[in-house]
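Engineer: heads up, no residue letters with this:
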């Protein structure tokens, strides 16, 4: 028994080591400034978590290569990585560890519940926390002073998702009056749906059907999609993560309901680089309203090219947000000329960054809650196995096809 | 003498057909009730039944391997889900690399997983299972689960992967839509179920497995190599997981933890069907699939899963040994 216990311990330790081999301790060197990065680099979300950690690393490397923080005599940045394993309590202890190790600011974390816990730790430790990805409104509703979010929150995504859909309908001369809405169960799906429903009503669109599906053990969407189609909507809207999004797209293409399009809002699948391949023919012309990197920006193109060369995988939006979050902290350091977390917080709260990496008009600037005022969604569409930006026109890389299938 | 034995046989026969009849009658009555007084569009109900049966086939496939390992070895195999993921990635690697068609790749994955299962039992578990320890194998399989997930993560990264199928598309089945790949998976499940039942009932290996399951010590006394049977059983369990994984890849997004969601449901199905019963796992899988999809018409979100566990509790209350379990 003892022997077996030690074998198991060894296995677990080996697994743990594999998971956190990227992290190392904080710095005590005065000419380096440590930033803590917390992402799920092991567990179910390890793929995207790893990309995000690499995004933050690239940002640090770029800033150091350009001479470091000039206001601090060219002080170099150093990224200390923590693995949340996708669990709220682990994220919390990692945040405590990183702050204890001398991190002057944190970036993270991808999941709303983990982010919520890390935000509480950052608040107690009086260390600024720049959220790269986490959609739940509640995180910033606590009145935290040290948390800032670059991406739009759930409510603003649901709201602008509805606005965009209404405009797309009008522009194409086929106004939309009804939708059936499929969303994942839980705070994420609920909050996006509620915001959508409210704004849609103002735009003359009725959500005739709301269908929720479980976040676990969901391996066939046919029944749910058929139920949605049974209400004869103009459009089927879907909010959820990657695997369920693929199932929904496949079910829609198999059932062929008489709709003008499948439209994702804050959907984790429809504008992911892996989606066209995963969904095959069923992914064609699927629409997605989501925050997205600006595909027309030269700076974004350059960063993505270098990322892919260095890490061997395409840089998705989440990873670019991690890059952006590090830039926000660096800009805060430049502005305050100090690596004191309190002064850094002060500087970030009044910051204005003019060339955001994400597609939205206007600079990154935070309101009193810490939410980026100008963050919004744009609409993308799968065309010829690629994710294209199609709406609004200013950000378009290809022409929008709507109603779907009207292209011939 | 002849009379008693015939009487006993009749008795056994009656007891063994009993659960199937009860289950079939109950399921048919409940489904009829859903059609007649369920207040849902009949096309929708048909769709949910077809979806449920096809999904149930997948569940059955995952559970058949587990029920053998659980029933014969008494090992609570927490690595079942990870082994499922592992076989999916083997199939993925064969499809993405040398470009082998997905169903041929599945056939190739079967011996690989069989050897893997034999290896695990032979070198990690055998001494623990023969001492009758329960927590030992449980911890080892837990460790194995972590190991498999992290190794897959290291090799394939966590980005979702997908596998295409030559039989993409769907067809109309009683007014419901059924995709080819899911129907193939269902047929595969039925074939594996029949094949395993035949192996267990008709071959000498099957006889040894049943003997070891019933009484390992007694089997050893009459010359059965118990350790070898254990290893073979784990191997067969792993091989049926390989079939499950292979047949599921065309309609699943692959991530290093995708199989884990099936572990709990598979345990539910195995206990529901009766430990060690291949038929029980198949019927149990179908019941759970149906309950989940038809239930989703009335209880959205996690509601259908709650219904699954409610059915589980009711069945165990009425029949603690499971549908096909020996008393």
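Structural biologist: Now that the structure is in, tell me what you want to look at. Keep in mind it's a predicted model, so treat the numbers as computed, not measured.

Engineer: all helices in the stretch 301-408 of chain A, in order from the N-terminus.
Structural biologist: Applying DSSP state H, counting those that start in this stretch to the stretch 301-408 of chain A gives helices spanning A:317-336, A:341-349.

Engineer: residue contacts, the nearest residue to residue B:179 once chain neighbours are set aside?
Structural biologist: Nearest residue to residue B:179 in three dimensions, chain neighbours excluded: residue B:170, at 4.2 Å (CB to CB, 6 or more residues apart in numbering or on different chains). Quick note: C-beta positions are derived from backbone N, CA and C, even for glycine. Each residue near residue B:170 by CB atoms under 8 Å, 6 or more residues apart in numbering or on different chains is listed here: A:254, B:177-180.

Engineer: Out of those, give me the two with the largest separation.
Structural biologist: B:177 and B:180 (10.9 Å; CB to CB).

Engineer: residues shared between the contacts of the two?
Structural biologist: Joint contacts of residue B:177 and residue B:180 (CB under 8 Å, 6+ apart) are B:170-171.

Engineer: ok so, going back, could you tell me which of the contacts of residue B:170 belong to helices?
Structural biologist: If you go by DSSP state H, the contacts of residue B:170 have A:254, B:180 in helices.

Engineer: Let me know the closest of the contacts of residue B:170 to residue B:248.
Structural biologist: Using CB to CB, residue B:179 is the member of the contacts of residue B:170 that lies nearest residue B:248, at 12.2 Å.

Engineer: Pretty sure that closest one sits against residue B:173.
Structural biologist: No - here residue B:179 does not reach residue B:173: they are 10.1 Å apart, not a contact under CB atoms under 8 Å.

Engineer: what stretches of the chain score poorly on pLDDT?
Structural biologist: I went with chain A, as the question did not name one. A:1-30, A:407-408 (pLDDT under 70).

Engineer: wrong one, chain B
Structural biologist: Applying pLDDT under 70 to chain B picks out residues B:1-17, B:130, B:132, B:326-327.

Engineer: so what's the residue nearest to the spatial centre of it up against?
Structural biologist: When CA atoms, centre = their mean is applied to chain B, the residue found nearest the centroid is residue B:63 (1.7 Å). By CB under 8 Å, 6+ apart, residue B:63 lies in contact with B:266, B:269-270, B:273, B:281-282, B:284-285.

Engineer: change it to 10 Å
Structural biologist: Taking CB atoms under 10 Å, 6 or more residues apart in numbering or on different chains as the contact definition, residue B:63 lies against B:70, B:80, B:189, B:240-241, B:244, B:262, B:265-273, B:278, B:280-282, B:284-285, B:288.

Engineer: Keep only the residues you listed that also lie close to chain A.
Structural biologist: Contacts with chain A within those, as defined by CB under 10 Å from any CB of the partner chain: B:262, B:265, B:288.

Engineer: tell me the contacts of residue A:109?
Structural biologist: Counting by CB under 10 Å, 6+ apart, the residues that residue A:109 touches are A:37-40, A:45, A:49, A:52, A:82, A:84, A:86, A:88, A:91, A:94-95, A:115-119, A:129, A:131-134, A:322.

Engineer: Surely residue A:297 and residue A:303 touch.
Structural biologist: Yes - under the criterion of CB atoms under 10 Å, residue A:297 makes contact with residue A:303 at 9.1 Å.

Engineer: Between those two, tell me which one has more neighbours.
Structural biologist: Higher neighbour count among residue A:297 and residue A:303: residue A:303, with 22 against 17, using other CB atoms under 10 Å in any protein chain shown.

Engineer: Leaving out sequence neighbours, find the closest residue to the more buried one.
Structural biologist: Leaving out its chain neighbours, the residue that sits closest to residue A:303 by CB to CB, 6+ apart is residue A:323, at 6.4 Å.
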